[in-house]
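J.: Curious how this folds, go ahead:
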Amino acid sequence: MIGKNIRYYRQMKNMSQMELAQCIGLNKMAVSNYENDKRTPDSATLSKIAEALDVSLAKLLATYDEGLAIAHGAFRKYASITKTMKELILGSVDRYLSRLFSLVCVFGDAVLGPIPEIEQVCADSFEKAGQHLREILGLSINGPIGNITDILENKGYIICPINIKIDGFSGNSGTVNGRPYIAVNTTMSAERQRFTLIHELAHLVFTFTDEQNEERMVDGIAGAFFLPEADLKRELGPKRRDIRGDLRFIQREYSVSMASIIMRAYQTGIISHETYEITQKWINANGLRKDERSGIQPEESHMLEQLTLRAVAEEEITVSRATELLERPFMEVRKLCFGGA
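T.: Below is the predicted model of the structure:
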C-alpha cells in the first residue's frame, strides 16, 4: 500500500519519478522499486519522500481495503489525456472506493442499498432512452429533477467524487464488487456535474450499434432526460426565432446548462439551425460558456463522511482512522465527530 500511496501523491504533485529521486538523493530505479512494492523505504527515506511530496507520514502509511473487484470503464473520448493522468484518475477512484468499502465492511453492504439490476437495452432515440432512465430511477416522466447524486445513491449506485482539475475529463464509470459506480469531476460546474452523472449512467444502461456514435447518443440521452420534449415545448412553445431571454429561467428551474437548453431546442425542432448557431455564438461572446453564473448548487456525495462519522460514534474506528479515511486534518475531523457542522 505504501508504494501505491507514493505513486498517487507523486502524480498529484505532477512530479516524475526522476524528480522525486533527485529530491530524496536516490536514483529513479529506487523510486520505481518503492512504488511497485519491490522494496520498502526505511523510516528516514520515507520522511524525505513525505517532505518532497508535501504530505504527512500518516498519509503515506495509510492502508485501505485492497480486496475489491474493481472494473473500470474505458476512457472513450478522453484520448487526449495522458497515460499518467489516466493512472491518477483511476488511482483516485480506487482510493475512494477502498476508503468507502473499509466502512462498508464495518456496517455491511446494506448501507449502500440493493445492487441495481441493470438490464442493458438498445438506445434507438434520445427521447425514449431519456424516458427509460427516468423510469428506472423511479422519477416522473416530466418536470425538473432534484439532486442527481442523492437519487443515484438511494438507488444503490456509488458516486465517486474526483477533485482533480484535468482538462477534458468529466467522468467515468465501472463496477466495484458487481455494483455500478460513477466517477465525476467535482472541479466542474454544477450543471456539468449533473449532466456527467446521467451521461455515465447512460453508458451503463444502454447498448449501441456500430453505426451509432456512442458519445453523441449518450449526450443526447442525458439532454432528453433533463429536458423532455413535452417540458421544453411547454416552456418555449412549438416554434421560436429567439430564445435568449428564456435561457436563464429554464436553466434555474431545471438545473441544466444553457448549452443543453439550446441543443435540446434544436433537437426538438423548436428553433432552426440558424437560430441555434446565433444563440451559441451569443453564449460565447458573453463568456457564458466558461462561467454561466447560474447559482445552481453543486452535486455532493456525503456517504463517505456520514459513514465515517457513524463509525466513530459507534466506536468502530478512532478519530485518527477517520482522518485517514476522510483525508482531512485531525482537528477538523475531530470537530466534525464531536460537535462541529
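
J.: for Ile162, what are its contacts?
T.: With contact set as CB atoms under 8 Å, 6 or more residues apart in numbering, Ile162 has these partners: 89, 92-93, 96, 169, 171, 183-186. The way it works is simple: take the backbone N, C-alpha and C, and place the C-beta from them, glycine included.

J.: and these, which two are the farthest apart?
T.: Tyr96 and Phe169 (15.1 Å; CB to CB).

J.: residues of stretch 329-338 that come out buried?
T.: Of all the residues in stretch 329-338, those buried under the rule 16 or more other CB atoms under 10 Å are 333-334, 336-337.

J.: Distance check, the residue nearest to Thr149 when sequence neighbours are not counted against Ile198.
T.: If the residues on either side of it in the chain are set aside, Thr149 comes closest to Glu299, at 4.4 Å by CB to CB, 6 or more residues apart in numbering. Using CB to CB, to the nearest Å, we find Glu299 at a distance of 11 Å from Ile198.

J.: Find residues that contact each of those two.
T.: Common neighbours of Glu299 and Ile198 (CB under 8 Å, 6+ apart) are Ile148.

J.: who has more neighbours, the two?
T.: With other CB atoms under 10 Å as the criterion, Glu299 and Ile198 differ in neighbour count, and Ile198 comes out ahead with 28 against 23.

J.: Which residue comes closest to that one once chain neighbours are left out?
T.: Ala222 (4.3 Å).

J.: thinking the one you found is in contact with Glu200, fair?
T.: No - counting by CB atoms under 8 Å, no contact exists between Ala222 and Glu200, whose distance comes to 9.0 Å.

J.: check contacts around the residue nearest to Ile198.
T.: Contact partners of Ala222, counting by CB under 8 Å, 6+ apart, are 130, 195, 198-199, 202.

J.: May I have the predicted confidence score for it?
T.: In the prediction, the pLDDT value recorded for Ala222 is 97.

J.: quick one: it from Leu26, how far?
T.: Here the criterion is CB to CB. By it, Ala222 lies 48 Å from Leu26.

J.: Could you do Ser125 as well?
T.: The span separating Ser125 from Leu26 equals 59 Å under the rule CB to CB.

J.: Next: Thr186.
T.: Between Thr186 and Leu26 the distance, using CB to CB, works out to 35 Å.

J.: give the contact list for the residue nearest the centre of the chain.
T.: What sits nearest the mean C-alpha location of the chain, by CA atoms, centre = their mean, is Val184, with 1.1 Å. Val184 makes contacts with 159-162, 170-171, 193, 196-197, 200, 299, as judged by CB under 8 Å, 6+ apart.

J.: if you set the cut-off to 10 Å instead, what comes out?
T.: Counting by CB atoms under 10 Å, 6 or more residues apart in numbering, Val184 touches 148-149, 159-162, 169-173, 192-197, 199-200, 299, 301.

J.: Ile6 now?
T.: When the contact criterion is CB under 10 Å, 6+ apart, the partners of Ile6 are 17, 20, 31, 34-37, 41, 46, 49-50, 53, 55, 60.

J.: Identify, from these, the entry nearest to Phe249.
T.: The shortest approach to Phe249 among these belongs to Val55, at 46.1 Å (CB to CB).

J.: Which residue is the nearest non-sequential neighbour of the closest one?
T.: Residue nearest to Val55 in three dimensions, not counting chain neighbours: Tyr9, with 5.1 Å by CB to CB, 6+ apart.

J.: So which residues of the stretch 151-300 of the chain form strands?
T.: Ranges of strands in the stretch 151-300 of the chain, per DSSP state E, counting those that start in this stretch, are 158-162, 171-176, 179-185, 206-207.

J.: among these, which is nearest His72?
T.: strand 171-176 (4.3 Å).

J.: what's the angle between that closest one and strand 179-185?
T.: Strand 171-176 and strand 179-185 meet at an angle of 160 degrees, taking axes from the mean of the first three to the mean of the last three CA atoms, to 10 degrees as the criterion.

J.: Could you please name the strands strand 171-176 pairs with and the direction of each pair?
T.: Looking at strand 171-176 with DSSP bridges, its paired strands and their directions are strand 70-72 (antiparallel), strand 179-185 (antiparallel).

J.: Could I get the buried residue list for it?
T.: Within strand 171-176, the residues that qualify as buried are 171-176, counting by 16+ other CB under 10 Å.

J.: What separation is there between Thr225 and Met258?
T.: I think there's a mix-up here, since residue 225 is Phe and not Thr. Here Phe225 is placed at a distance of 17 Å from Met258 (CB to CB).

J.: domain assignment for this protein?
T.: Described in terms of automatic domain parsing, the domain architecture of the chain consists of the residue ranges 1-63, 110-285, 303-337.

J.: Compile the ones you listed into TSV and extend it with columns for distance to Ser102.
T.: Supplementary listing: the domains of the chain in TSV, determined by distance: least, CB to CB, whole Å:
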stretch	distance to Ser102
domain 1-63	9
domain 110-285	12
domain 303-337	6
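
J.: Looking at those, which is nearest to Leu103?
T.: Between these, domain 303-337 lies closest to Leu103; by CB to CB that is 4.1 Å.

J.: Span of the closest one from start to end?
T.: Domain 303-337 has its terminal residues 15 Å apart, counting by CA to CA, to the nearest Å.
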